[in-house]
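[1] just to be clear, the model below is a prediction. Sequence and coordinates:
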Amino acid sequence: MSHGRFAKLVELAKLSDSERRRDLLREVTDLFFETSKTRNARESALFDEVLQMVAAEMQDEVLAELSATFCDAADAPVGLLRDLANHSFEIAGPILRRSKVLDEQTLVQVVNYQSQAHIKAVAQREDVSETLSDAIVKFGDDHALDALLRNDGAKMSRAGMETAVDRARRNAMLHEGVVTRADMPLDLLNEMYFVVETRLRNQIMERNAGVDPATLDAALNKARDRMKKSAVDLSAEAKNAMAFIQSKKNAGELSARLLVSLWREAKQAYFLYGLAELTHVDHQTVAALLERGDIEGLAMICRAANIERPLFVTMAVLIGGGDAAMARAEEFGKMYNAVPVEAAQRAVRFFKVRKNAEDTRAA
């Protein structure tokens, strides 16, 4: 570095006048880029040291300018950018999203200790490692998680995706990110089937249709393992309802007509477990479907189980409740007819795995 250029760094380090310091900072920044191809490692370290020292005493407006200047620089001063990345979000944002000089350790530290806005910015980086993704899943809110899911450049671990699906079952904001993620495992994708809206259900069905038997078997095995770990213990009321339904099944008396009678007798828990048994779908999925009044989902599981159309319509009206549901009876019938049996059975097969895990836990 020439004596004149070095003198500018020394002058900047010594200046106390804020206006002159700001002007000289711009000159030194320009000098940094001008010498990009000629600096050696010692000179780069000197630039970094002086810029860090001066930046520590500058106002946020100047720091935001530095952030915008250096965020895309391949040889940006690492120490300076590390400091700026841990500053307020207005300053840190561009660096967290775009700078390639920050190492993984720095980014993980930001995710661990900075704001949700910081975490979301990290999730939007062009390249996000599994380690960094796991930290985002752990510490980030659903907005940060949504950004991560939608980022094709983010690598996510199996554990991270499982957590994402568990959270998506409780927050519709995450539905599209989960369903449209290209590397979402098939078994986890299908867990979302009865949770998401029709448009996203259709996307799940399209992916299922293109799956070969070996891939499907592998996905079902993973689903089985996951359900064994996540199956919850049943309450005494639930076990009584299951025992009643099992007795009716053993006696050959379990039918959709019985379920209609149970609902009319206000035995909703018995109806729930009976419907789960008839359709081979776990009770948690059925419960969520009933809670939402999801008639389309009900049509899917009833169609897959070959429950007759008139009985489906009756159940749909009962679940819908009131005169408004009665007026939609014809619409419900058309909804049932519109569901292809094969497609319905394909959609339900993953939930049969959940049902088997539930039965094992109850035994």
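    Received it, and whenever you're ready, just let me know what you need.
[2] chain neighbours aside, what residue packs nearest to Asn208?
    Leaving aside its chain neighbours, Asn208 sits nearest to Arg346 (5.4 Å; criterion: CB to CB, 6 or more residues apart in numbering). Heads up, the C-betas are built off the backbone N, CA and C, glycines and all.
[3] tell me the contacts of that neighbour?
    With contacts taken as CB atoms under 8 Å, 6 or more residues apart in numbering, Arg346 has the following neighbours: Met205, Asn208, Ala209.
[4] and which of these is nearest Glu296?
    Using CB to CB, Met205 comes nearest to Glu296 of the contacts of Arg346, at 12.5 Å.
[5] quick check: the closest one vs Tyr193, distance?
    Distance, Met205 to Tyr193, using CB to CB, to the nearest Å: 8 Å.
[6] can you check Glu126 too?
    For Glu126, the distance to Tyr193 - CB to CB - is 32 Å.
[7] secondary structure element holding the residue nearest to Ala121 when sequence neighbours are not counted?
    In space, not counting the residues next to it along the chain, Ala121 is nearest to Leu96; the distance is 3.9 Å by CB to CB, 6+ apart. Take DSSP states H and E as the rule and Leu96 turns out to sit in helix 89-98.
[8] give me the angle between whichever helix or strand comes after that helix and helix 89-98.
    Downstream of helix 89-98, the first helix or strand assigned by DSSP H and E is helix 104-113. Angle of helix 104-113 versus helix 89-98, following axes from the mean of the first three to the mean of the last three CA atoms, to 10 degrees, is 140 degrees.
[9] measure how far helix 104-113 is from the centre of its chain, please.
    Its chain's average C-alpha position is 20 Å from that of helix 104-113, according to CA atoms, centre = their mean, to the nearest Å.
[10] how much space between Ser261 and Glu253?
    11 Å.
[11] between these two, who's got more neighbours?
    Using other CB atoms under 10 Å, the more surrounded residue of Ser261 and Glu253 is Ser261, with 14 against 10.
[12] if we can go back for a sec, from Ala209, how far out is the residue nearest to Asn208?
    From Arg346 to Ala209 the distance is 7 Å (CB to CB).
[13] pLDDT score for Ile119?
    Ile119 carries a pLDDT score of 98 in this model.
[14] and Asp166, by the same measure?
    pLDDT, Asp166: 92.
[15] state the distance from it to Ala287.
    Remark: distance between Asp166 and Ala287 (CB to CB) = 16 Å.
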